[in-house]
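Asks: Build the 3D model from these lines:
(one chain, ligands or ions: 1)
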Amino acid sequence: MLPASFGLGNMLRQSMNGSDLPSTRLLRTKLLSDGYPVDHNFNVLATHLGVFSFVDNVDLTVLLRYLILSDCCVGNTPNRINPTCIPIPVAPDDPYLRLTGIRCMNLTRNPTFQERGCISNAMPAERYSVTTPLIDLSVVYGFTNERERQIREYKGGLLRAEQRNGLDYPPGTAPVCALNRRPIENACYEYGDAFGGNLLVGVYMTAMWFYREHNRLARKLAEINPCWSDQELFETARHINIAQWQHIFYYELMAELLGRENALKAGIIYDTHGYVDDFDERYEPGVYHEYVVGGRWFHTMQDGRTDLYSNKGEYLGTRTTVDDALRSGILEVNNTEADLTQGAFRQGSHKIDYVIEPDIAERVASNIQAALDLPAVDMQRGRDQGLPPYNQYRKLCGLPTAHKFEDLHDVIFPDKVEQMRRIYYDVDDVDVMTAIYSEKLIEGGYVGPTLFCIMRQNLVQWRKADRHFFEHGDIPASLTLPQLYEVRKSSAARLLCDSGDRVDQIQPRALLRAGRGNEIRSCKEIPSMDLTKWADPQCHPKADNKEHPIKEQEHYANPYLWESYNYDKK
Ligand code: HEM
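Replies: So this is what the prediction gives:
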């Protein structure tokens, strides 16, 4: 969003006085605390879909570099010689690590286009990422034609799957889970993106639901259109699957996190039953550096525990979330997938605030590294990706430039500003990610004003840049209006009912805690898509194929998702 800011030779930006910027571990421990508060609004399913959405549009292969291969903390001292090293110093009086002797956290720079010889070293370092930078289920389908060929069955439009207990599973042969130094349980799934897809529990559960959902859609479409080829079935199932993911992502997850009213005003979502033709060929599909750095704010909502529940709602136990990274095989041990799925919509997420769950703050790399503080890494990544100081984003986002620390009081709590004043040399040194972790939340949303401004820019850009965005009606491949109307019935609740492991009841707004107005109820009461709207006249020559007009009272395809908004309007 803004020109990159690096030091000489693309090293990390320096402080206004020419010294290194302060340790992000120091900033993190002074500004954010460790603790266990539970959110009253969101549940763990929102976290799962959130992290899945990021893996859908950016890759985390940088982890392979520093978790497995590098040592940027030789002898517990930050390595300043190796240019790929950006370790985080730990102060001797660190509140948690003072007794351990750990004085350095291992971290390497993101891979860049420069390293691959694609652009000159004289240009600002540019992060290299291989995933498609759109909301397009690339975790499930992959991001190359070659990978798509590997995961397709080439029969009935299906993705390759093994059937166990009446459920589809992708083949379980991906070698990537060997990176977790724990016993490998049976499977590590061949999702389209095998690394990203198996990475974290939220990702491999969500990838599983959408993988199965593809096959469910393909089988239904084959019943409706027996004359369709494998290719037609595959393309249409994938089109519907991506369309419903975009609907869930924009109208359910983002609408709740940013505030529905805010998202409407910003042109992120629309209050309409028709098409939204906002495709604009001047916009390029892409992910802003600020979006993937700023999005890390949601690490605050990540719980360190993933609870197991029976489908009657009885608490069965809990798992340590960070230990389950790269360990998707656990899903098929006993009833783990079914129990974690129940837990996902019954367990409150970690509260979205300034307190970080201790495992996320102290040992996010599980047993692979002695200590790793994720929010500190998040702040360091802002520097690694060349984000200029916070003051420049204030200007970009319509806030006045701060000339002294006290000027930050408009959007940051005074006690946090006071900490910043003590740690930074100059107000122009303040990192944008440090500020995102410190800003007061906007009215009706769960992000501060700078992150809102950043997310708005990317979310609007994705809609405008993606010719195939589900609400666009102006290309031959667009959904017809009756089909669009069906996609607008989709929801996370329906996805779990159709493609989760043994879900027969759920609350309609499944990302939110169950309770009054959002009671857990039978899946029969959760709106579902009518796939006969995809019936092909060529397979049904005698049928009445006229399109039926949509009635006004059917305005909102899934009334549950708009409930809070209509309530607020009243
Ligand atoms: C078990 C839970 C989670 C763990 C263990 C985890 C861990 C990580 C790690 C290790 C990184 C890379 C750190 C680096 O830059 O070197 C990362 C990046 C990131 N995470 Fe998480 N995370 C979790 C949940 C979430 C959630 C719930 C969200 C958002 C809803 C999220 C959003 C992000 C984003 C946006 C990035 C940056 C991606 C990139 O730049 O490639 N994470 N996370």
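Asks: Now for H40, how many residues are close by?
Replies: 11 (other C-beta atoms under 10 Å). All C-beta atoms are positioned from the backbone trio N, CA, C, and that covers glycine.
Asks: ditto for the one 10 residues further on
Replies: Residues lying near G50 (other C-beta under 10 Å) number 23.
Asks: Likewise for D504?
Replies: 10.
Asks: close enough to count as contact, it and I520?
Replies: No. Counting by C-beta atoms under 8 Å, D504 does not reach I520; the two are 10.4 Å apart.
Asks: so who does W209 touch?
Replies: Contacts for W209 (C-beta atoms under 8 Å, 6 or more residues apart in numbering) come out as L495, L496, S499, G500.
Asks: Excluding chain neighbours, what is closest to the last one?
Replies: Of all residues beyond its chain neighbours, the one nearest G500 is T341 (4.7 Å), with distances taken as C-beta to C-beta, 6 or more residues apart in numbering.
Asks: can you check the first one too?
Replies: Ranked by C-beta to C-beta, 6+ apart and with sequence neighbours excluded, the top spatial neighbour of L495 is W209, at 5.4 Å.
Asks: Could you measure from that neighbour over to the ligand?
Replies: Look at W209 and the ligand: by C-beta to the nearest ligand atom, to the nearest Å, they are 16 Å apart.
Asks: can you pull the buried residues of the helix or strand encompassing that residue?
Replies: Using DSSP states H and E, W209 maps to helix 201-224. Of the residues in helix 201-224, 201-222, 224 count as buried by neighbour count, 16 or more other C-beta atoms under 10 Å.
Asks: cool, and stretch 324-337?
Replies: Buried residues in stretch 324-337, defined by neighbour count with 16+ other C-beta under 10 Å: D324, A325, L326, R327, S328, G329, I330, L331, E332, N335, T336, E337.
Asks: from memory the fourth one sits against A178, does it?
Replies: No. Taking contact to mean C-beta under 8 Å, the distance of 10.6 Å between R327 and A178 leaves them out of contact.
Asks: Now do the shared contacts for the two.
Replies: I184.
Asks: Could the C-alpha coordinates of stretch 195-205 be exported in PDB?
Replies: The C-alpha trace of stretch 195-205 is given here as PDB (Å, rounded to 0.1, in the frame of the first residue of the first chain):
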ATOM      1  CA  PHE A 195       2.100 -27.800   3.000                       C
ATOM      2  CA  GLY A 196      -0.400 -25.100   3.800                       C
ATOM      3  CA  GLY A 197      -3.300 -27.500   4.000                       C
ATOM      4  CA  ASN A 198      -1.800 -29.700   6.700                       C
ATOM      5  CA  LEU A 199      -0.100 -26.900   8.600                       C
ATOM      6  CA  LEU A 200      -2.500 -26.100  11.500                       C
ATOM      7  CA  VAL A 201      -5.600 -27.700  13.000                       C
ATOM      8  CA  GLY A 202      -7.900 -24.900  11.800                       C
ATOM      9  CA  VAL A 203      -6.600 -25.200   8.200                       C
ATOM     10  CA  TYR A 204      -6.700 -29.000   7.900                       C
ATOM     11  CA  MET A 205     -10.200 -29.200   9.400                       C
END
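Asks: Mean confidence (pLDDT) on stretch 6-26, please.
Replies: Here stretch 6-26 scores 97 as its mean pLDDT.
Asks: got the contact list for it?
Replies: Here stretch 6-26 makes contact (C-beta under 8 Å, 6+ apart) with 5, 83, 86, 88-91, 94, 105, 114, 121, 124-125, 373, 376-377, 379-380, 383-384, 386, 388-389, 423-426, 428-429, 431, 434.
Asks: what's the burial count for E471?
Replies: 24.
Asks: Let me know the pLDDT of it.
Replies: We have a pLDDT of 97 for E471.
Asks: For L512, give me phi and psi.
Replies: phi -110, psi 150 (degrees, to the nearest 10).
Asks: my guess is it meets N41, correct?
Replies: Yes. Between L512 and N41 a contact is recorded at 6.0 Å, counting by C-beta under 8 Å.
Asks: Compare these two (neighbour count), which wins?
Replies: Using other C-beta under 10 Å as the criterion, L512 and N41 rank with L512 on top: 24 against 16.
Asks: how near is G382 to A376?
Replies: 11 Å (C-beta to C-beta, to the nearest Å).
Asks: So which bits of the stretch 101-250 of the chain are right by the ligand?
Replies: Residues of the stretch 101-250 of the chain lying near the ligand by C-beta under 6 Å from any ligand atom: L200.
Asks: Tell me which residue in the stretch 101-250 of the chain sits closest to the ligand.
Replies: Closest contact between the stretch 101-250 of the chain and the ligand, by C-beta to the nearest ligand atom, is at L200 (4.7 Å).
Asks: residues touching the residue lying closest to that residue once chain neighbours are set aside, list them.
Replies: Closest residue in space to L200, ignoring its immediate chain neighbours: A325 at 5.4 Å, by C-beta to C-beta, 6+ apart. Taking C-beta under 8 Å, 6+ apart as the criterion, A325 is in contact with N180, L199, L200, V201, S366.
Asks: which of the residues you listed has the most neighbours?
Replies: Each of the contacts of A325 was scored for neighbours by other C-beta under 10 Å, and L199 scores highest at 26 neighbours.
Asks: would you list every one of the helices in the stretch 301-450 of the chain?
Replies: Using DSSP state H, counting those that start in this stretch, the helices of the stretch 301-450 of the chain run over 336-346, 358-362, 374-384, 390-396, 414-423, 432-436, 449-465.
Asks: Kindly compare burial across the ones you listed and name the winner.
Replies: Scoring the helices of the stretch 301-450 of the chain by mean neighbour count under mean count of other C-beta atoms under 10 Å gives helix 432-436 as the most buried, with a mean of 28.
Asks: quick check, that one touching the ligand?
Replies: No. Contact of helix 432-436 with the ligand (C-beta under 6 Å from any ligand atom) is absent, the minimum separation being 10.7 Å.
Asks: tell me what that helix is packed against?
Replies: Helix 432-436 sits against helix 24-31, helix 289-294, helix 374-384, helix 390-396, helix 449-465, with contacts defined as 3 or more C-beta pairs under 8 Å, 6 or more residues apart in numbering; DSSP states H and E.
Asks: Off-centre distance for it?
Replies: Put simply, helix 432-436 sits 19 Å off its chain's centre (C-alpha atoms, centre = their mean, to the nearest Å).
Asks: Figure out the helix or strand that whichever residue of the chain sits closest to the ligand lives in.
Replies: Residue nearest to the ligand within the chain: G50 (2.6 Å; C-beta to the nearest ligand atom). For G50, the element it lies in under DSSP H and E is helix 44-57.
Asks: Helix or strand next in line after that helix, which one?
Replies: helix 62-63.
Asks: could you say what helices and strands that next one packs with?
Replies: Helix 62-63 packs on no helix or strand, going by 3+ C-beta pairs under 8 Å, 6+ apart.
Asks: outside of that helix, which residues touch it?
Replies: T108, R109, N110, P111.
Asks: And these, which is closest to G473?
Replies: Nearest to G473 among the contacts of helix 62-63, counting by C-beta to C-beta, is N110 at 38.1 Å.
Asks: What is the neighbour count of P559?
Replies: Counted with other C-beta under 10 Å, P559 comes out at 13.
Asks: Just the helices from the stretch 101-250 of the chain, written as ranges.
Replies: Listed in chain order (using DSSP H, counting those that start in this stretch), the helices of the stretch 101-250 of the chain are 138-141, 145-151, 194-199, 201-224, 230-247.
Asks: Please tell me how far the second one is from the chain's geometric centre.
Replies: Pointing back at helix 145-151 there. In terms of C-alpha atoms, centre = their mean, the centre of helix 145-151 is found 23 Å from the chain centre.
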